[in-house]
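> The sequence isn't on hand, but the structure is:
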Ligand code: AMP
């Protein structure tokens with residue numbers, strides 16, 4: 001079950017500050033507070049979903065397409081398209097998901113570890 005008591009919900013509500021990169025009616029992108037690479041951004045859906053599976057099972061086809069197009073758009077804003085980048089989404093315990101609000105990481109800006 002989705003619990004509004006999570007940091008990304010509070011960022012979305014502007015209750016906690018973030019370094020915003022992009023926002024529209026469906027998504028918000030901001031820099032990760034603890035970057036693993038030179039470029040480390042997070043793209044969150046404004047739908048109240050706990051993780052990727054929750055999102056994919058509740059979003060319409062258009063919402064799904066719009067979300068992932070926005071991820072691509074944020075990668076463009078971050079200027080990592082030519083050099084390459086990685087997107088990833090942690091789901092649940094074994095993946096060490098910390099924040100239980102669906103989000104995708106964008107990693108890049110340098111050679112990534114395997
Ligand atoms: P995960 O849930 O495992 O995908 O990881 C959550 C990510 O959120 C981590 O990379 C954290 O560094 C990041 N994070 C946690 N709190 C904040 C915050 N207030 N602003 C930006 N990023 C955050």
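Structure received. Everything numeric in this text was worked out from a predicted model, so none of it was measured.
> and residue 114, what pLDDT?
Looking at residue 114, its pLDDT stands at 89.
> Quickly note the distance from it to the ligand.
19 Å (C-beta to the nearest ligand atom, to the nearest Å). For every residue, glycine as well, the C-beta is placed using N, CA and C.
> Number of residues surrounding that residue?
2 (other C-beta atoms under 10 Å).
> In contact with it, which residues?
Listed by C-beta atoms under 8 Å, 6 or more residues apart in numbering, the contact set of residue 114 is empty.
> can you pull the contacts of residue 95?
Applying C-beta under 8 Å, 6+ apart, no residues contact residue 95.
> change it to 10 Å
Residues near residue 95 by C-beta atoms under 10 Å, 6 or more residues apart in numbering: 51-52, 88-89.
> repeat for residue 65
So residue 65 contacts residue 59 (C-beta under 10 Å, 6+ apart).
> where does it fall, helix, sheet strand or coil?
At residue 65 the chain is in helix, as set by DSSP: H, G, I helix; E, B strand; the rest coil.
> For it, give me the pLDDT.
Looking at residue 65, its pLDDT reads 98.
> thinking again about what came up before, please identify which pair of the contacts of residue 95 lies farthest apart.
Largest separation among the contacts of residue 95 by C-beta to C-beta: 51 and 88, giving 12.3 Å.
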